[in-house]
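Peer 1: let me see the structure of the following:
(chains A and B)
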Protein chains: 2
Amino acid sequence: MGAGILGTGGGGNPYIGKLRAQEIVRQYGNIKVIQPNQLKDDDLVICLGGIGAPTVGVEKVRGDESARALNELENYLGKKATAVISGEIGGSNSLEPIIAAGKNNIPMIDGDGMGRAFPEIHMKTFFIYGVSWTPAVVCDEKGNTALFTKAISAHWLEKMARAVTIQMGCAAVFATAPMNGNEVKNTAIHGTLTLAKNVGEAVQNAQNNKTDPVNNILQAYPGKLLFEGKISDLARSTTDGFARGHVLIEGSNQYKKNTLKIEFQNENLIAYIDNKIVCMVPDLICIIDSETGDPITTELLRYGFRVSVLALPAPENLCTQKALEVVGPKGFGYDFEYEYLLNIPRK
Amino acid sequence: MGAGILGTGGGGNPYIGKLRAQEIVRQYGNIKVIQPNQLKDDDLVICLGGIGAPTVGVEKVRGDESARALNELENYLGKKATAVISGEIGGSNSLEPIIAAGKNNIPMIDGDGMGRAFPEIHMKTFFIYGVSWTPAVVCDEKGNTALFTKAISAHWLEKMARAVTIQMGCAAVFATAPMNGNEVKNTAIHGTLTLAKNVGEAVQNAQNNKTDPVNNILQAYPGKLLFEGKISDLARSTTDGFARGHVLIEGSNQYKKNTLKIEFQNENLIAYIDNKIVCMVPDLICIIDSETGDPITTELLRYGFRVSVLALPAPENLCTQKALEVVGPKGFGYDFEYEYLLNIPRK
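Peer 2: Residues are numbered from 1 along each chain as shown, chains lettered A, B, ... in the order given. Below you'll find the predicted structure:
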């Protein structure tokens, strides 16, 4: 549930992620989670995650692709991974490495490469801060495997991997960014599995105690309530391997006279109130069920849902000049610079 | 010139292929050509060729991609190739392996996997008759490399490789079908480099002696003259990574009252005279300049060209039931069975 909220709409359906993780724990026992600082220099950590459109991922059956992707990369490198890390903490992708961790009996890192979810492979802090993006593997559930041995940029890896993913049916699993302990320490966003757990528990507590989930979430991840209302319009299509579109929300309570618009590419990118931008990527725009606090991801958006929209400040290492070139508005084709619009201190 | 004719419209621009081959011979000396029957069981032969749309291939600069593709496959296999073979004898692809052969100082095989050109990777006799299609590599001129380690069918390899090729700019080079000597003997179409040379020399002789090129070509490759006329209409677009469309030819001489239509996907697939099919894939439909005998490939088709259209019977191993499923009309989405329509004996 917490990862679903941090996914800002994307990262894969969190309910399916939960079912798969539970099955793995049932099969292999508890999975050990370690902190980046516990890694040694000669560790080999590999980043795993899903690639595709969440509109497809919620419907398509998946199996042990992440374990196969990991094995393929290990074979090519001639070395076994000593730990795995999520490409993104958002949605089911936060738990994708659990499958490989369980099968290979290795730990998962408490951290990830986004601190949220982003739609494209090259948008990971690993690559922004210097880790090699090759070799990388994309596997599907049918038994097809593509190994990218050379890509002239992380963005070129994204282009090639996305094209193969679309052929595979728009949902697949990748392994990339082979790292030593130091590289993980220096480039990962730390502690995000714990953060997801805290956010999820905040929602559960609200549900159990019948209290307001928004307050609880904002205690676990300080941010602000952006809007409350009812989904009045939804344009969503699966194109170029992504779920793209926008959602309109008609305000209620103190927002009664306002309309919120969110544009998304798998993840929510820009939020406008009455056509004025109020939050922009990489800051997190999270849509939740107003009553239960459950995350409403891009593939679940539907006319008539009563929702609350939260804005959470992005982790600092997504907001450096270097990072903003990749994950700021310009990285998504908008022609304006990033601006921090939440009048609260960044964590 | 001969390979251009055998390409039935595709296989890459033959003039560019000639320039590249000449440059390699200038740099590395003559390239040794050996017969499939000279191969030993423990030889490792790798198939090389271009992938993409000929409309793009004629414009895009290429370098030593085929040597890099070969090296990538050798590294993955942990073994050096002892010879290389063309994926298809048509067009510049007939000579693509020369680059890797020259750089690595290994021979080229007098043979190929199509006996002509076909638009898709899986349409090779190697795969039709049982050779493994993985591992396979696709390289571009920029430095990107995709290695397909597992594909559930040769057609799936085609799907994934084509998707990556489109990202690479619609023209790239592949290496596939690692074979031992026996596999080459049993699955390749033998002697096609020699055949291309003979057809090319037939045209050159006609040009030198100012005689009819059609007669000369039909002596080197027995077949029939299908039509003569002037190109009166051309619909050609580059879509899904292929050059697709059709060309209309208004008849002249004994064909004065007739119109020939050819449908193509990179290569010429079906020829109709006045809407009646007169030749169909895998038999070769070759458009040549009526005066000079020069091949007119798909990317060179232009309104007003005066052309002769030849029909040449396909090699026998393209016409078995097994092969026709892949390279007959149904392999290209037509809903009719292959029929041999040339009233001359197949070689």
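Peer 1: A:Asn104: what's it in contact with?
Peer 2: A:67, A:70, A:80-81 (Cβ atoms under 8 Å, 6 or more residues apart in numbering or on different chains). (Each C-beta comes from the backbone N, C-alpha and C, glycine too.)
Peer 1: farthest pair in these?
Peer 2: A:Ala67 and A:Lys80 (12.8 Å; Cβ to Cβ).
Peer 1: any of the contacts of A:Asn104 buried? List them.
Peer 2: Among those, those scoring as buried are A:67, A:70, A:81 (criterion: 16 or more other Cβ atoms under 10 Å in any protein chain shown).
Peer 1: out of these, flag the one nearest to B:Gly87.
Peer 2: Relative to B:Gly87, the closest of the buried ones among the contacts of A:Asn104 is A:Leu70; by Cβ to Cβ it sits at 32.4 Å.
Peer 1: residues from the stretch 151-300 of chain A in reach of chain B?
Peer 2: Applying Cβ under 8 Å from any Cβ of the partner chain, we find that the stretch 151-300 of chain A lies next to chain B at A:151-152, A:156, A:159-160, A:163-164, A:166-168.
Peer 1: A:Lys32 is in contact with A:Asp110, isn't it?
Peer 2: No - the criterion here is Cβ atoms under 8 Å, and A:Lys32 misses it with A:Asp110 at 10.4 Å.
Peer 1: out of the two, which sits in the busier spot?
Peer 2: A:Asp110 (23 against 11; other Cβ atoms under 10 Å in any protein chain shown).
Peer 1: please, which helix or strand holds the more buried one?
Peer 2: A:Asp110 belongs to strand A:108-112 when assigned by DSSP states H and E.
Peer 1: tell me which element the most far-flung residue of chain A relative to its centre falls in.
Peer 2: Most distant from the centre of chain A: A:Lys257, at 32.3 Å, with distances by Cα atoms, centre = their mean. Using DSSP H and E, A:Lys257 is not contained in any helix or strand.
Peer 1: need the helices for the stretch 51-200 of chain A, in chain order.
Peer 2: For the stretch 51-200 of chain A, the helices defined by DSSP state H, counting those that start in this stretch cover A:54-57, A:65-77, A:96-104, A:125-128, A:154-167, A:181-187, A:192-209.
Peer 1: and those helices: which comes nearest B:Gln22?
Peer 2: Taking Cβ to Cβ, helix A:154-167 is the member of those nearest to B:Gln22, at 31.9 Å.
Peer 1: which among the residues of the stretch 151-300 of chain A next to chain B count as buried?
Peer 2: Here, 16+ other Cβ under 10 Å leaves A:151, A:156, A:159-160, A:163-164, A:166-168 buried among those.
Peer 1: dump those to CSV, plus pLDDT and distance to A:Thr194.
Peer 2: CSV is the format used below for these (pLDDT from 0 to 100; distance: Cβ to Cβ, whole Å):
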residue, pLDDT, distance to A:Thr194
A:Ala151, 98, 32
A:Trp156, 98, 34
A:Lys159, 97, 34
A:Met160, 98, 34
A:Ala163, 97, 36
A:Val164, 97, 34
A:Ile166, 95, 35
A:Gln167, 96, 37
A:Met168, 96, 33
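Peer 1: low-confidence regions, chain A specifically.
Peer 2: A:347 (pLDDT under 70).
Peer 1: the domain parsing of it - what is it?
Peer 2: A:2-190, A:219-332 (automatic domain parsing).
Peer 1: quick one on the thing from earlier: need the max-distance pair from the residues of the stretch 151-300 of chain A next to chain B.
Peer 2: Using Cβ to Cβ, the two most remote members of those are A:Ile152 and A:Met168, lying 22.9 Å apart.
Peer 1: tell me how many other residues surround the nearest residue to A:Gly181 once chain neighbours are set aside.
Peer 2: Spatial nearest neighbour of A:Gly181, excluding adjacent residues (Cβ to Cβ, 6 or more residues apart in numbering or on different chains): A:Leu39 at 3.2 Å. Neighbour count of A:Leu39, defined by other Cβ under 10 Å: 24.
Peer 1: how much space separates A:Leu39 from A:Ala175?
Peer 2: Plainly put, A:Leu39 is 18 Å away from A:Ala175 if you go by Cβ to Cβ, to the nearest Å.
Peer 1: same question for A:Ala69.
Peer 2: Shown here: A:Ala69 relative to A:Ala175, a distance of 4 Å by Cβ to Cβ.
Peer 1: now A:Phe336
Peer 2: 35 Å.
Peer 1: how about A:Glu72?
Peer 2: In terms of Cβ to Cβ, A:Glu72 sits 7 Å off from A:Ala175.
Peer 1: shared neighbours of these two, anything?
Peer 2: Common contact partners of A:Glu72 and A:Ala175 (Cβ under 8 Å, 6+ apart): A:137, A:139.
Peer 1: at the geometric centre of chain A, which residue sits there?
Peer 2: Nearest to the mean C-alpha position of chain A, by Cα atoms, centre = their mean, lies A:Ala117 at 2.3 Å.
Peer 1: got the contact list for the closest residue to A:Tyr338 other than its chain neighbours?
Peer 2: In space, and not counting its chain neighbours, A:Tyr338 is closest to A:Gly328: 3.9 Å by Cβ to Cβ, 6+ apart. By Cβ under 8 Å, 6+ apart, the residues touching A:Gly328 are A:280-282, A:337-338.
Peer 1: just name the closest of these to A:Gly245, please.
Peer 2: A:Val281 (15.4 Å).
Peer 1: what's the neighbour count on A:Leu19?
Peer 2: If you count neighbours by other Cβ under 10 Å, A:Leu19 ends up with 13.
Peer 1: after the strand ranked longest in chain A comes which helix or strand?
Peer 2: Taking DSSP state E as the criterion, chain A has its longest strand at strand A:224-239. For strand A:224-239, the succeeding helix or strand toward the C-terminus, using DSSP H and E, is strand A:242-251.
Peer 1: by contact count, what packs against that following strand?
Peer 2: strand A:224-239, strand A:259-265 (3 or more Cβ pairs under 8 Å, 6 or more residues apart in numbering or on different chains; DSSP states H and E).
Peer 1: which strands border that strand, and is each parallel or antiparallel?
Peer 2: strand A:224-239 (antiparallel), strand A:259-265 (antiparallel) (DSSP bridges).
Peer 1: what angle do the first one and helix A:154-167 make?
Peer 2: Interaxial angle, strand A:224-239 versus helix A:154-167 (axes from the mean of the first three to the mean of the last three Cα atoms, to 10 degrees): 60 degrees.
Peer 1: buried ones in strand A:224-239?
Peer 2: For strand A:224-239, the neighbour count (16+ other Cβ under 10 Å) marks A:224-229, A:231, A:234, A:238 as buried.
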